[in-house]
Structures are given as structure tokens and as C-alpha cells.
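Participant: model this:
(one chain, ligands or ions: 1)
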Amino acid sequence: KKRIFSGMQPSGVITLGNYLGALKNWTKLQDEYDCLYCIVDMHAITVRQDPVKLRKQAKDLLVQYLAVGLDPEKNIIYYQSHVPQHAELAWILNCYTYMGELNRMTQFKDKCAKHADNINAGLFTYPSLMAADILLYQTDLVPVGEDQRQHLELTRDIAQRFNGIYGDVFKVPDAYIGKVGARVMALQEPTKKMSKSDENQNNIITLMDDPKVIMNKMKRAMTDSDTEVRFAEEKPGISNLLSIYCAVTGKTIAEAEKEFAGAGYGTFKTAVGEAVVAELEPVQKRVKELEANKDYLDAIIKSGAEKASRLADRTLTKVQKKVGFPPRI
Ligand code: AQP
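Facilitator: Alright, predicted model coming up:
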């Protein structure tokens, strides 16, 4: 089986964007691939986090991974900070990554603009930690959104550079191009993506939002002065709602456009809201059940870290030897 690695930052409350763009698709990969799904808390601290909140968000994310249907028997599910090999390999890879390469990362530039008061070295070297995450497990495929493509390219460059010097140490990973997940945009600013760290709660729908809250946020979603439910570049609000509706119901855009021809925006928004509520209700129910089962969660946390660590050690030991570190006695 080919190996897949992916992760999500516990940097906020998981949104419908994270769900439709990533989580939902991950559940479809678990039978065909050997998957590792990491909760990348070490990446999350590149932006200032409140420790109490971070701990809670990491736990919530684990529960939500499970609640959407990721099976801990089939996948390795774990916290990045529990597997120190990530940090150890990241350090080594830092020494094989050029400043110029990191300087070119558009996400770094974006984050600098957003967090001008805290442009720390971790934010800059984020891509080498991400390379370590992936390369540690001899990953074949990485499901990435458009925004992560540049980082994956750099991972490949680092792997090839290292292999060029020391022989075949790392598998050079490819992007997983599956059925494309929906790119969900912010409800009130539909030209930017829905982000868990968005301060405007009306821009995002979270996995745990109450049905009433979801319906309300939908009602307030930005549309346009037209009346036609149609997917078009000049109609970003309606197009976003159409993509959400289709991602949730499995219908095509053409089918949805036909379904709401002449219906008016009010009816359409209600239908989208109801479809989202129906999709999230079982997930929310499962979250409640899992939260009541601390021992089960603890067992997953422990065994996930052990399994990941065992795999990671194989690569790390090889790398340490290649670069010339003395063997452990
Ligand atoms: N709006 C989105 N539509 C589709 N997919 C999305 N993803 C994120 N937002 C959308 C996908 O979710 C995963 C989460 O990756 P991440 O935790 O590393 O953070 P991110 O991409 O930076 O996500 P956010 O929600 O925007 O977090 P913050 O606000 O902390 O930056 C990825 O697979 C991503 O493609």
C-alpha cells in the first residue's frame, strides 16, 4: 500500500472549509492507503497561541478526526509534539535548506503581513518542519490544497538534494491529486478562503456549530444584487454556497443550478443551511459520544504516538548515520 501523510493545525475551531477541503476526503483514503494523520501542534505555535486554548483545540481536533470517520485501527492518528523525531529531522533538514528558498514561500510572506508583531524564526522555517513531517515516514503521497503546493515542492527539492549527497535516503513524495475537495470561501467575504483563525465568526461555519447558528450564518452570507442562483466568477457569494451545497449533497453544480432556478436567494440559502446541518449532525453526535470516553481517547493518543515514533525512528536513524553523527552506544 502507498503511504499518505497529512495534518491539520489545532490553530482554531475546525471549519466547514477544513472539513470539505480535507477531512471528508481523508476518510475516503483510509481503505486504499496506509495513512498517517497528524495534529500538527508544533506548526501551530509559529503563531502565538494561548496554551489552555491550544491544548483544548488539539484535543478537539483529535476527537473530530475520529468523529468524521477516521478509523484509528486503519490510520495512525497522533500529536506531532508526541513524536520528537519530527523536531530532530527538521533541524537536520534546516541545514540543507537555503534561506533563499524559504524567502520565496508565499505563505511566509502572507503570515508576515498578518502577524507583523511576531515574525519568528519558526514561521520562517515552517517548510522544513513540514518537509520533516512528510519525509520521516517515507511518504508516497501528500494530499495538498493549492496553498500548500509550494511547500510540497520545497519538500521534494530538499529530499532530492539530500539524496543527491547521501544516496537514496528519502522517498520523494508526490502530491495526491484526488477528487478535488471544495475550496470553501468566507461567508461574508467570499473572495477570501474560510479560515479557522478568522476573527469574524460570521465568516465561518464550524463543525460544532448549532443548527440554529448554521442557519443564521447562512442567512447572513453575502450574495449579490442579482437573483439568479448561478455559478459565476462575478457571483462569488452564490458560487461559494453552490460549491458547499454540492460538496455536501454530492450533486453537480448544473443539477443544483437547475434545482434552484427561479427559487430566489432566501430559499436557496435555507436549502444550503439544511444540507450542512444534515451533514454535520451525525458528526456532532459522535463528538459527544467520544468526549465521554476519555480512556478510549487516551489509548488512541498513546498508541498513535508509539506507532508513528517507531516508523519515524527508522528514517531518523538512517539520516543521523548518513550525516555523520556518532552511533549511540
Ligand atoms: N477554506 C478552505 N477550503 C478548503 N480546504 C481548506 N483547508 C483550509 N481551509 C480550507 C484545508 O484544511 C487543511 C487544514 O490545514 P491547516 O490546519 O494546516 O491550516 P490552513 O490551511 O492554514 O487552514 P485554516 O483553516 O486557514 O487555518 P489558519 O486560520 O490557522 O491558517 C488543509 O488541508 C487545507 O488545504
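Participant: burial count for the residue of the stretch 1-150 of the chain found nearest the ligand?
Facilitator: Nearest residue of the stretch 1-150 of the chain to the ligand: Gly21, at 1.8 Å (C-beta to the nearest ligand atom). Every residue, glycine included, has its C-beta placed from N, CA and C. Here the number of neighbours of Gly21 (other C-beta atoms under 10 Å) works out to 22.
Participant: so who does it touch?
Facilitator: For Gly21, the contact set (C-beta atoms under 8 Å, 6 or more residues apart in numbering) comprises Gly145, Gly181, Ala182, Arg183, Val184.
Participant: can you list the domain ranges for this protein.
Facilitator: 3-177+294-323, 201-289 (automatic domain parsing).
Participant: for the shortest one, how far is the first residue from the last?
Facilitator: Across domain 201-289, the straight-line distance between its terminal residues is 26 Å, by C-alpha to C-alpha, to the nearest Å.
Participant: how far off centre is it?
Facilitator: 21 Å (C-alpha atoms, centre = their mean, to the nearest Å).
Participant: anything in it near the ligand?
Facilitator: No: figure legend: domain 201-289 not in contact with the ligand (C-beta under 6 Å from any ligand atom); closest approach 8.3 Å.
Participant: sorry, back to before: and Met194, which of the domains of the chain is closest to it?
Facilitator: Smallest distance to Met194 across the domains of the chain (C-beta to C-beta): 3.7 Å, for domain 3-177+294-323.
Participant: pLDDT score for Val184?
Facilitator: Model confidence at Val184, given as pLDDT, is 94.
Participant: help me confirm that Pro10 comes into contact with Met42.
Facilitator: No: checked against C-beta atoms under 8 Å, the pair Pro10 and Met42 is beyond contact range at 10.4 Å.
Participant: out of those two, which sits in the more crowded spot?
Facilitator: Between Pro10 and Met42, counting by other C-beta under 10 Å, Pro10 is the more crowded of the two (26 against 23).
Participant: separation between that one and Val283?
Facilitator: 17 Å (C-beta to C-beta, to the nearest Å).
Participant: Leu136 now?
Facilitator: From Leu136 to Val283 the distance is 30 Å (C-beta to C-beta).
Participant: just Pro143 next, same as before
Facilitator: 20 Å.
Participant: ok, the closest residue to Lys318 other than its chain neighbours - contacts?
Facilitator: Nearest residue to Lys318, sequence neighbours excluded (C-beta to C-beta, 6 or more residues apart in numbering): Val169, at 5.9 Å. By C-beta under 8 Å, 6+ apart, the residues touching Val169 are Phe162, Asn163, Thr315, Lys318, Val319, Lys322.
Participant: what would the residues you listed look like in TSV with neighbour count?
Facilitator: Below are the contacts of Val169 laid out as TSV (neighbours: other C-beta atoms under 10 Å):
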residue	neighbour count
Phe162	23
Asn163	15
Thr315	19
Lys318	14
Val319	22
Lys322	15
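Participant: of these, which is the nearest to the ligand?
Facilitator: Thr315 (22.1 Å).
Participant: check the secondary structure at Ala175 for me.
Facilitator: Of the three states, Ala175 takes strand under DSSP: H, G, I helix; E, B strand; the rest coil.
Participant: what sits against it?
Facilitator: Applying C-beta under 8 Å, 6+ apart, the residues contacting Ala175 are Leu141, Val142, Pro143, Val144, Arg149, Leu152.
Participant: swap the cut-off to 6 Å and go again
Facilitator: Ala175 makes contact with Val144, Leu152 under the criterion C-beta atoms under 6 Å, 6 or more residues apart in numbering.
Participant: now Phe124
Facilitator: Leu102.
Participant: that one belongs to a helix?
Facilitator: Yes: assessed by three-state DSSP, Phe124 belongs to a helix.
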